[in-house]
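1. need a structure here:
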Amino acid sequence: MQKDELIQLHTFLLQLKTHLEDMVENDGSCAFQAYYKLDVTPYQVYKSKREHKLAVFKLSKGIADLLADNDCPGLEKISCRLDLMSERFMTNKEKELVQA
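-> Next up is the predicted model:
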C-alpha cells in the first residue's frame, strides 16, 4: 500500500470512529487512548509511512474495542490480533509512550 493510500485509509477510519462514537452509548474514550498517545493524525502527511501504519492499527483496534463493548460479539479476537500487529511496528520509544 502506498503512503497516500494509507493516509486515505487513516482519514476514513478517523471519520468512522467519530460516527460510531455518536451512535453508541459508550463513547469509548478509553478505547482510543493508545491512538491519541501516538499523536499521528491523517493531516500530518509529513509523518512516515510506518507511523501512519501504526496509527491505522491502533485506530482499528480502538474501533473493534468500541464495538465489542457495545454488544457486537466476536470482535475481541480481532482487537487482540490488531494489537499484536501494531506491536510489530512500534519502536521502543513508542511502546513506552503508549504504555505510560
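
2. contact partners for the most centrally placed residue in the chain?
-> The chain has residue 59 as the residue nearest its centroid, 1.2 Å off, counting by C-alpha atoms, centre = their mean. By C-beta atoms under 8 Å, 6 or more residues apart in numbering, the contact list for residue 59 reads 10, 13, 14, 17, 32, 35. All C-beta atoms are positioned from the backbone trio N, CA, C, and that covers glycine.

3. ok, the first one - contacts?
-> Residues in contact with residue 10, defined by C-beta under 8 Å, 6+ apart, are 41, 42, 52, 55, 56, 59.

4. can you do 6 Å?
-> 42, 52, 55, 56 (C-beta atoms under 6 Å, 6 or more residues apart in numbering).

5. ok, the third one next?
-> Listed by C-beta under 6 Å, 6+ apart, the contact partners of residue 14 are residue 42.

6. which stretch of helix or strand covers it?
-> Using DSSP states H and E, residue 14 sits in helix 3-23.
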